[in-house]
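here is my input; please provide its structure:
(chains A, B and C, ligands or ions: 1)
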Amino acid sequence: MTRRVAIVGAGMTLFRRRLLETGKELCFEASRAALDSANLDASDIEAVVLGSAPDAFDGLHMKGEYLLDGAGASNKPYTRVYVGGGTGVFTPIAAWWHVASGLFDVCLAVCEEKMSPLYPHPQKAFWSIFDHTLERPLGVNLVWIFALEMRRYMHKYSISEEDIAQVAVKNKRNALDHPCAQLADRITVDDVMKSEPIVWPVKKLDISPPSDGAAAVILASEEVARKITKDPVWIDGVGWNLDSTYWTNRELAYPQYLENAARMAYRMAKVENPRKEIDVAEVYDPFDYKELHHLEGLQLAERGKAAKLTSSGATERNGEFPVNPSGGLLGVGNPIAAAGMMKICELFWQLRGEAGKRQVKRDARTGLAQAWGDLMQFSSVVVLRSR
Amino acid sequence: MIFMTDKVAIVGLGYSGFSPSTDRVSYKEMMFEAAVKAYRDAGIDARKDVQSFICCTEDFWEGNSIADEYMPDQLGGALRPVCTVAADGLYGVITAFMQIRAGLVDIAVVESHSKLSDVVSKDDIARFAIDPLFGVRNLDPNPSFLAGLEMNRFLHETGNSRESCAEVASKNLKNATSNPRASYGSKKSPKEILSSDVLAYPLTKLEASKPADGCVVLVLASESRARSLAEQPVWITGVGWCSESPWIEGRDMSSAGYASTSCRMAYKMAGIKDPGKELDLAEIDDTFSYKELQHMEALDLCGRGESGRLVERGFTARDGVLPVNPSGGSLGLGYMAEATGLHRILEASLQLQGRARKMQVKDAKRALVQSWRGIPTASGAVVVLEGGP
Amino acid sequence: MVYSGIGISPQDVANSRYLTVPYSANLRYRWSTGAAVGRFLAELKNGKIVGRKCDKCKRVLVPPRMFCERDFIQTSKWVYVQDAGIVDTYSISYIAADASRLEKPLIVAVIRLDGTGEAGILHILGGIEPKDVMIGMRVKAVWKPKRRRVGAITDIRYFAPAGDAK
Ligand SMILES: [Zn+2]
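Residues are numbered from 1 along each chain as shown, chains lettered A, B, ... in the order given. Down below sits the predicted model:
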């Protein structure tokens, strides 16, 4: 029998292109902030799960082992899980089964990314995510595949670059109210269109920046959670899914793996009509088109219709269905795993009514967080509820 | 902490490779072979029956960043829940154990492989795991110096001898001669082992395991599914895992604290009070000869300082009171990076099912499996397995 | 809830305001290509593209693999496929792998190969200006001269509009 599990604390660090703090120190600061928010001490934590994306960024083999004392895991059961860009939302899922299995009552989930050590540019690490024999010799860079996916999506559903740029405008503006944000700004669709092409149709302002940062949440079993806080945020649904490695053999216009992950989470959370039942969503937006793509995969918009939903203003912070009220990766920054965890933190604050200037207007009781990764083939989904 | 009644069992075993090099297949083809065997062993259809796939690997052993990307197809996991645990295979077993106990899935698959023959700069990669800021990384191009430091401290503190360590290597190399999966089985006397080249004093070359390729795939199931799937399920009755400090200089090098903490958790879960008496065999980490002794003591299989004498008296031989590494261990089979823990699970499971052939230990009902994540870590995991209905 | 942290600017780095520790890792591999990709590369040397056929779903898999991921069975036989197909999607890259700007942008595409069902490969397009590329257009491989082929994906120089290719 599954035990009910709740989030009882959350914390995060500043997101910046380069931070003075080491990865260990970032883990520590985010974990400490989460512990403080729950009035807990490191000794209350029974197990730790860490999420971090490629080791190549930090310049370390087995970086989970290096980071562990920063994450408060010394002399504790400690595991690093890893699903590329999907890691940030997958890490709390792994922490969930630590508690739901009955093995532990209190578990800390920490996500860290330190992309700045890689010199001259973190992009170089992404080169090594490609197939070593069939793709790397072509001189690939990371943005290629996303540009290919974006172009295919635009083609299939007749979506324009301007339609997509609205997402960047919205999210960067939302981020103005986030104290950790790296690229908050008031920009226009025209600014996005005029920004320099990186890999067309992806332009500079379509992309989230590389960042350093960390974020953490604390999970507890029902009984313990109620002792820690009067407002636990329940993890009611979890799902994840990985599609084939052979991305060139797939239809890129629609993320089937995400639909599968979402359905797994909805089934568990007994969500029957996601568009009606989800009040606020933090979907993965490393590129602006991804927010649209993901809303469709999540069954939160019809196929090809997410751009219209965005134009209607529904996904604004004060809209009827706020999406990325945090400012998302486009505005707050993209320290890969930490960025996904930032979304979990944001929902924790939104569902408790603690998001301050970022608080959504509508009454939000059910939230959804999603992240995406690998070779455009993985998604993780979490459904959270308050009260 | 509460313990639920749902039991979890291993219901399928598959493997491939187990050779110093596997040039004719890619890692994907090696994984496919092991997966097909495991699913056949369990009598399941991977595409219909499996709800979770867990791979255990580290990017730099693969030479791919986000190695997770390259795992699903050859396991039957495309468009299914697949994830990677960046750790030894035992962590994957424990992850599946938790997913099943949480009621999330009924059947989960755990995979890990070693394709170390593809890795040209092995020492440089091992060294790349050492803290980058304090210069320890640059002390010695051969990272085994850390094993030398630890071994010396262990022998000094416990009074065990270099001869006992050589005895461990001699036993495991010999055990491996009857293991069809072993790459390095041989008959070497402790004297020969001690007189082999020094790798990092006091550790000699024959006391360090050498690399091997291989893949192991396991199928795990909840109690109800296990009973209908397997005639001889292998029950997972205890799990534990722990990381000590990553600061090498700050650790107590004489003891393996991670193993002590892990086994306390696992023994409690399995209801084991006197492990030395209640266990029938142990497949425990022997990446280096002294590690087997250090781990025997940390795992409470004997008292501190007693391990060497027990080994010399044949207590841990295959026909001894408590056989340790009857498979030949890493010294005899070869070191398989993150697949090491799963190879130990494979060997122990075959023992509990009475399928270990020439290696069979008499009346094997309960086995201890333990792994260590290797230099420069102080992290590892423990699993207790039981045969029977 | 939030820890501020200390951001470092590019000027700080340039002025060595904070100490850094440089390190270059020696990461070397020699990957076994295996049965499927090994044969694929050998055939590229002959100027041919080869795939593997799955008897169950009838797909011809390119890049080839010895197993079909959908049906989880062994693929049954080698099948030569055309070195021509249609552009499924494309993009125009202005940056190199290390994020530096390219002098001349590169056209990147996924090409669905004729006779495979749905198999596509990643490659670059040549002999065409970026503005003239369209999804759905026909393209054909332009190979390196035989003596310069080494058994690599780059034995195909690029794919060009089918009318122009030999
Ligand atoms: Zn098929």
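
all contacts plus neighbour counts: C-alpha atoms, from now on.
Noted.

need phi/psi at the residue in the stretch 151-300 of chain B positioned nearest to the ion.
When scored by CA to the ion, the stretch 151-300 of chain B has B:Val217 as its residue closest to the ion, at 21.8 Å. When read as degrees, to the nearest 10, the backbone of B:Val217 gives phi -120, psi 130.

am I right that it is in contact with B:Glu111?
Yes: applying CA atoms under 8 Å as the test, B:Val217 and B:Glu111 come out as touching, 4.5 Å apart.

name the residues that touch stretch B:192-210?
Identification of contacts with stretch B:192-210 by CA atoms under 8 Å, 6 or more residues apart in numbering or on different chains yields B:144-145, B:147-149, B:151-152, B:162-163, B:165-166, B:169-170, B:286-289, B:330-332, B:334-335.

same question, stretch A:168-188
A:13-17, A:166, A:189, A:192, A:205-206, A:209, A:288, A:316-317, A:324-328, A:330-333, A:357-358, C:2, C:4.

of the residues you listed, which belong to helices?
If you go by DSSP state H, the contacts of stretch A:168-188 have A:166, A:189, A:192, A:288, A:328, A:330-332 in helices.

top of those by neighbour count?
Counting neighbours by other CA atoms under 10 Å in any protein chain shown, A:Gly328 comes out on top of the ones in helices among the contacts of stretch A:168-188 with 34 neighbours.

next SSE after the least confident helix or strand in chain B by mean pLDDT?
Ranked by mean pLDDT, DSSP states H and E, the weakest helix or strand in chain B is helix B:122-127, scoring a mean of 92. The first helix or strand that comes after helix B:122-127 along the chain, using DSSP states H and E, is helix B:145-158.

now do that next one: which elements does it pack against?
For helix B:145-158, the packing partners by 3 or more CA pairs under 8 Å, 6 or more residues apart in numbering or on different chains; DSSP states H and E come out as strand B:198-200, strand B:203-204, helix B:289-298.

what's the helix or strand just after that helix packed up against?
Remark: after helix B:145-158, the chain's next helix or strand is helix B:162-176, criterion DSSP H and E. In this structure, helix B:162-176 packs against helix B:190-194, helix B:289-298, helix B:307-312, helix B:329-333, with contacts taken as 3+ CA pairs under 8 Å, 6+ apart.

now do helix B:162-176, average pLDDT.
The average pLDDT within helix B:162-176 is 98.

stretch C:40-58 now?
96.

which of the contacts of stretch A:168-188 are buried, as a PyMOL select command?
Selection of buried members from those for PyMOL, criterion 16 or more other CA atoms under 10 Å in any protein chain shown:
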select buried, (chain A and resi 13+14+15+16+17+166+189+192+205+206+209+288+316+317+324+325+326+327+328+330+331+332+333+358) or (chain C and resi 2)
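
could you find the closest non-adjacent residue to A:Met115?
In space, and not counting its chain neighbours, A:Met115 is closest to A:Phe57: 4.8 Å by CA to CA, 6 or more residues apart in numbering or on different chains.

mind listing what that neighbour touches?
Taking CA under 8 Å, 6+ apart as the test, what A:Phe57 contacts is A:113-118, A:122, A:125.

which of the residues in stretch A:131-151 are buried?
A:131, A:133-136, A:138, A:140-151.

contact residues of the stretch 101-250 of chain A facing chain C?
A:120-124, A:127, A:133-135, A:137-142, A:144, A:147-149, A:151-152, A:155, A:179-180, A:197-201, A:244, A:246, A:248-250 (CA under 8 Å from any CA of the partner chain).

and the residue of chain C found nearest chain B, how many residues sit next to it?
Using CA to the nearest CA, the single residue of chain C nearest to chain B is C:Gly34, 3.9 Å away. Neighbours of C:Gly34 under the rule other CA under 10 Å: 20.

distance of the residue of the stretch 151-300 of chain B closest to the ion relative to B:Asp41?
Distance, B:Val217 to B:Asp41, by CA to CA, to the nearest Å: 11 Å.

higher neighbour count, the two?
Shown here are B:Val217 and B:Asp41; by other CA under 10 Å, B:Val217 has more neighbours (32 against 17).

need the contact list for the more buried one.
By CA under 8 Å, 6+ apart, the contact set of B:Val217 is B:13-15, B:31, B:34-35, B:38, B:109-112, B:342.

tell me which of the residues you listed fall in strands.
If you go by DSSP state E, the contacts of B:Val217 have B:13-15, B:109-112 in strands.

as JSON lines, the residues you listed with pLDDT, distance to the ion and neighbour count would be great.
Shown next, in JSON lines, are these (pLDDT from 0 to 100; distance: CA to the ion, whole Å; neighbours: other CA atoms under 10 Å in any protein chain shown):
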{"residue": "B:Leu13", "pLDDT": "98", "distance to the ion": "24", "neighbour count": "26"}
{"residue": "B:Gly14", "pLDDT": "98", "distance to the ion": "22", "neighbour count": "23"}
{"residue": "B:Tyr15", "pLDDT": "98", "distance to the ion": "23", "neighbour count": "26"}
{"residue": "B:Val109", "pLDDT": "98", "distance to the ion": "21", "neighbour count": "27"}
{"residue": "B:Val110", "pLDDT": "98", "distance to the ion": "23", "neighbour count": "29"}
{"residue": "B:Glu111", "pLDDT": "98", "distance to the ion": "22", "neighbour count": "29"}
{"residue": "B:Ser112", "pLDDT": "98", "distance to the ion": "25", "neighbour count": "31"}
